[in-house]
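>>> prediction below, plus the sequence it came from.
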Amino acid sequence: MDKLINDFSYGLFFWQAIILVILIILLAKFAWKPILASLAAREEGITNAIAAAELARQEMQNLKAQNEVILQEARAERDAMMKEAREIKEQIIADAKNEAQLQGDKLIEAAKASIASEKNIAIAELKNQVSTLSVAIAEKLLKTELSNKEAQNNLVEKMLEDVKLN
Amino acid sequence: MYLCAKFQDCKIKKVSKMVFNKQFLKNSLTALIVAVPLISFANSTQDSVHGGEEAYHTAKLEKHGEQHETAHEASPAEKINDHISHHLQDAHEFVFFSDEATDEHFGFPLPVILFDNGLKVFSSAKFNHGESVAEADGNYYKLFHGKIYKTDAAGELTFDEHHHPSNAMPLDFSITKNVVSLLLTSLLIFLLFTSLAKGFKKKGPNALPTGFNRVLEPLVIYVRDEIARPNIGEAKYKKFMPYLLTVFFLIWTLNLLGLTPLGINVTGNIAVTVCLALFTFVITQFSANKEYWGHIFWMPGVPVPMKIVLAPIEILGMFTKPFSLLIRLFANITAGHTVVMGLLAIIFVGKAQLGVSGSIGTSLLLTLFISVIELLVAFLQAFIFTMLSSLFIGMAVQEHEHDHHHDHSHGHDKHHTEDPEIPVI
């Protein structure tokens, strides 16, 4: 202890104090302040960058979700449209079928009617012809039959018989 | 021996700071490896103790010794002891090494500044390494064991019974070896960190630093995040950063330079550590808040008799904390230097027992081992000094908000568990 106190040099203490004060002031101004400020700025930058990245990631996720929703909607809409179209198509086909049926039926009906009327006309004509022919035949027959007296009598008798029967 | 130390030192430097050009380092290492055995063997052929730096002052010390002791030839062990104690002291000249045989010293003198009825400034060359009496404005001064005493033209010194000179001592404000080392180290730190700051300014804070700045930046971050922030607290640490950073790098650089063969021992000087600890003490007291003083003079949460008992203990604690700082740094560095120099001295002391190569080998091996530990100690002491400084500052500025919300007994317990434990290293 005695040696320690003996070794204590006031001059060195004095210079050390002065040098230390000057060194602290100089370093604080020219080194520590800018260095610490830069380090703080860098750390802040890193924090901000991380936050920004996180934000961007979240936004991306939101966007993705939004896209998904939009896609889903679009898909649903497309499905609905297709379904509607299909329905319309079926409707159209069904309608066309009905119309055709109706039209066909009408045509058939018309054809049937015309056939019937034609037939009637034909029958009437046929009847006319038959009667004309039968009269002619009858005339010819009568001409031949009535040349003979007995035959004439027989005929009359026969006719009378028929009349009686009727 | 100087070269041996230098050889190690190059390794130390290589590990600690990659400032040297690689090619240069390689070349110098090779040269040293080649030169070391030659020099050592050359020395060993002479039968006296002198190996470069180690022995340069033993001759001087002997000369002083002859003045007040019987003129006997000192043994190598005594010479080494003298030399080590001389190395640990400050000096008025910067001598790198000297030759005992021819009494030549290789170094440069430093200015001597004395307050003795006015300012006296002269070169320490006037002392002629303690052999001559320096004259300034009609006053005569003599250098004895690193201290300047007022004397007469003949250089007479009177001694008391403890062999301490009883001559008057002028106020010595000389630019000593330690002051020069401090100035150079400060300049080095200033240049290093202004370059780091400039790098940030030039490339912006987001660019990675280049070169040696890449080493410095994590160290600054380390001091901020591992020392200042946890001990002082997020809210207030910024104010103390300049002091903590400066002290950390100053102590560390000085510790590392102390391991080099420049032969400086700044942080192992009691005046330097006293000054550093005093700074911490003053900063702590001046930044202390009401609660700090409250805890010292009127401890909250304990019974009144205990308050009275605790007050003197706490007041004593105010001073023992910085005192432990100054003693710890001083003792660690002094011990390190003493051990390294003592182990280097094995080369001379153990020559008879181990042989020339045996003593050199043993010494190199042990010194290398201790030097690696010292390298760790250099950092550790800087770290501990800064760490404890910030701890003391933190204790003075921290807010004990939750302490006062508790009831008596609980608050008392709380306080004691909360006190940060001071590591004893």
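Cool, got the structure.
>>> list the contacts of B:Val133.
B:140-142, B:151, B:153-155 (C-beta atoms under 8 Å, 6 or more residues apart in numbering or on different chains). Using the backbone N, CA and C atoms, a C-beta is placed for each residue, glycine as well.
>>> change it to 7 Å
Applying C-beta atoms under 7 Å, 6 or more residues apart in numbering or on different chains to B:Val133 gives the contacts B:140-142, B:151, B:153, B:155.
>>> isn't B:Phe249 right up against B:Leu188?
No: taking contacts as C-beta atoms under 7 Å, B:Phe249 lies outside contact range of B:Leu188: 9.5 Å.
>>> compare these two (neighbour count), which wins?
The neighbour comparison of B:Phe249 against B:Leu188 (other C-beta atoms under 10 Å in any protein chain shown) goes to B:Phe249, with 25 against 14.
>>> look at A:Leu160 and report its pLDDT.
Per-residue pLDDT puts A:Leu160 at 84.
>>> swap in the one 3 residues further on?
Note for A:Val163: predicted pLDDT of 76.
>>> can you show me the CA trace of the helix or strand harbouring it as PDB?
According to DSSP states H and E, A:Val163 maps onto helix A:149-165. Output in PDB follows, covering the C-alpha atoms of helix A:149-165 (Å, rounded to 0.1, in the frame of the first residue of the first chain):
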ATOM      1  CA  LYS A 149    -144.600 -61.800-124.700                       C
ATOM      2  CA  GLU A 150    -144.300 -64.500-122.200                       C
ATOM      3  CA  ALA A 151    -141.100 -63.200-120.900                       C
ATOM      4  CA  GLN A 152    -142.700 -59.800-120.500                       C
ATOM      5  CA  ASN A 153    -145.500 -61.300-118.400                       C
ATOM      6  CA  ASN A 154    -143.000 -63.200-116.300                       C
ATOM      7  CA  LEU A 155    -141.200 -60.100-115.600                       C
ATOM      8  CA  VAL A 156    -144.200 -58.200-114.600                       C
ATOM      9  CA  GLU A 157    -145.200 -61.000-112.400                       C
ATOM     10  CA  LYS A 158    -141.900 -61.100-110.800                       C
ATOM     11  CA  MET A 159    -141.800 -57.400-110.300                       C
ATOM     12  CA  LEU A 160    -145.200 -57.500-108.700                       C
ATOM     13  CA  GLU A 161    -144.000 -60.200-106.500                       C
ATOM     14  CA  ASP A 162    -141.100 -58.100-105.400                       C
ATOM     15  CA  VAL A 163    -143.400 -55.200-104.800                       C
ATOM     16  CA  LYS A 164    -145.600 -57.300-102.700                       C
ATOM     17  CA  LEU A 165    -142.700 -58.500-100.700                       C
END
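>>> so what's the residue most central in space within chain B up against?
The centroid of chain B falls nearest to B:Thr267 when counting by C-alpha atoms, centre = their mean (1.3 Å). By C-beta under 7 Å, 6+ apart, the contact set of B:Thr267 is B:251, B:254-255, B:258, B:273, B:329, B:333.
>>> need the three-state assignment for it.
coil (DSSP: H, G, I helix; E, B strand; the rest coil).
>>> go on, B:Lys142?
Per three-state DSSP, B:Lys142 ends up strand.
>>> please name the bridge partners of the nearest residue in space to it that is not next to it in sequence.
The shortest distance from B:Lys142 to any non-neighbouring residue, by C-beta to C-beta, 6 or more residues apart in numbering or on different chains, is to B:Thr151 (4.4 Å). B:Thr151 forms beta bridges with B:Tyr140, as assigned by DSSP bridges.
>>> where does B:Ser363 land in three-state SS?
Relying on three-state DSSP, one would call B:Ser363 helix.
>>> that one contacts B:Leu344, correct?
Yes: the criterion here is C-beta under 7 Å, and B:Ser363 meets it with B:Leu344 at 5.8 Å.
>>> PyMOL command for the buried members of the contacts of B:Val133?
Remark: buried members of these, expressed as a PyMOL selection using 16 or more other C-beta atoms under 10 Å in any protein chain shown:
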select buried, chain B and resi 140+141+142+151+155
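>>> what about the helices in chain A?
A:2-7, A:10-27, A:33-145, A:149-165 (DSSP state H).
>>> out of these, which is the most enclosed?
Mean neighbours per residue, mean count of other C-beta atoms under 10 Å in any protein chain shown, is largest over the helices of chain A for helix A:10-27, with a mean of 19.
>>> which residues are contacting that one?
B:90, B:171-174, B:176, B:178-179, B:182-183, B:186, B:190, B:193, B:242-243, B:246, B:250, B:269, B:271-272, B:274-275, B:279.
>>> for B:Phe127, see how far away B:Val95 is.
12 Å (C-beta to C-beta, to the nearest Å).
>>> for B:Glu161, same thing?
Using C-beta to C-beta, B:Glu161 is found at 26 Å from B:Phe127.
>>> more neighbours, those two?
Between B:Glu161 and B:Phe127, counting by other C-beta under 10 Å, B:Phe127 is the more crowded of the two (21 against 6).
>>> what sits against the more buried one?
B:92, B:134, B:143 are the contacts of B:Phe127 under C-beta under 7 Å, 6+ apart.
>>> now, which of those sits nearest chain A?
B:His92 (9.9 Å; C-beta to the nearest C-beta).
>>> export the contacts of B:Phe127 to CSV and tack on pLDDT, distance to chain A and neighbour count?
Shown next, in CSV, are those (pLDDT from 0 to 100; distance: C-beta to the nearest C-beta, whole Å; neighbours: other C-beta atoms under 10 Å in any protein chain shown):
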residue, pLDDT, distance to chain A, neighbour count
B:His92, 84, 10, 25
B:Ala134, 81, 16, 23
B:Leu143, 81, 13, 25
